[in-house]
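Peer 1: fold the stuff below for me.
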Amino acid sequence: MRYYLIFFVMIIVGCNDRSHFVQKLSIIRYSDIQSVEIRKQLYDSFCVILDSVQIRKTVALINSNQKTELLKAGPKFWLIVKLKNNSIVKYKIIDTKIGENDLYKEMNDKEFFKAIYYGNKKSKSQVIEKKTYDN
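Peer 2: Numbers count the residues shown, from 1 in each chain. Next up is the predicted model:
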């Protein structure tokens, strides 16, 4: 019984302060970006390529200090950011949120990416990704 009480107290104390577990989306710099695409599905071959003004607004949105939250949801769009060092960062866009992995933040302009995707001409994707399959 004594061990259960000690274990219970350790759990309560350990779970109390979560401030040191603050998570954020990956910070990106405009100068590091080679291209940015919006796709309907992750491996679509057609996408909308963002121009420099749209990229700057996207960078400001991603780097904003808004609070993040953990969500599990299927994205409406994918934002694929190719950096100059050939690395790729993938963001998911849900109705009013943008996220990386399962960490999301609220967007101020809720129709920004939807307007870009449906209001612009689709082109062939410039970012080549290999599909990976887990065994």
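Peer 1: would you map the strands across this structure?
Peer 2: Remark: strands assigned in the chain by DSSP state E are 33-39, 46-49, 68-70, 77-83, 88-94, 97-100, 103-106, 123-124.
Peer 1: among these, which is nearest residue 6?
Peer 2: strand 68-70 (29.7 Å; C-beta to C-beta). In short, each C-beta sits where N, CA and C put it, glycine included.
Peer 1: what residues sit buried inside that closest one?
Peer 2: In terms of neighbour count (16 or more other C-beta atoms under 10 Å), strand 68-70 has its buried residues at residue 68.
Peer 1: what does stretch 37-55 give?
Peer 2: Burial within stretch 37-55, assessed by neighbour count using 16+ other C-beta under 10 Å, is assigned to 37-39, 47-50, 54-55.
Peer 1: can you give me the helices in this protein?
Peer 2: For the chain, the helices defined by DSSP state H cover 2-16, 52-62, 112-119.
Peer 1: and the contacts of the second one?
Peer 2: It refers to helix 52-62. For helix 52-62, the external contacting residues (C-beta atoms under 8 Å, 6 or more residues apart in numbering) are 25-30, 33, 36, 50, 79, 91, 98, 107-109, 112, 116.
Peer 1: mean pLDDT and distance to residue 6 added to the strands of the chain, as TSV?
Peer 2: Listed next are the strands of the chain as TSV, based on pLDDT from 0 to 100; distance: least, C-beta to C-beta, whole Å:
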stretch	mean pLDDT	distance to residue 6
strand 33-39	95	52
strand 46-49	94	56
strand 68-70	90	30
strand 77-83	95	47
strand 88-94	94	42
strand 97-100	92	38
strand 103-106	92	33
strand 123-124	88	62
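Peer 1: what's the first-to-last distance across stretch 57-69?
Peer 2: End-to-end distance for stretch 57-69, by C-alpha to C-alpha, to the nearest Å: 21 Å.
Peer 1: same question for stretch 42-49.
Peer 2: Chord length of stretch 42-49, first to last residue, is 14 Å (C-alpha to C-alpha).
Peer 1: same check on stretch 87-106?
Peer 2: Termini of stretch 87-106 sit 25 Å apart (C-alpha to C-alpha).
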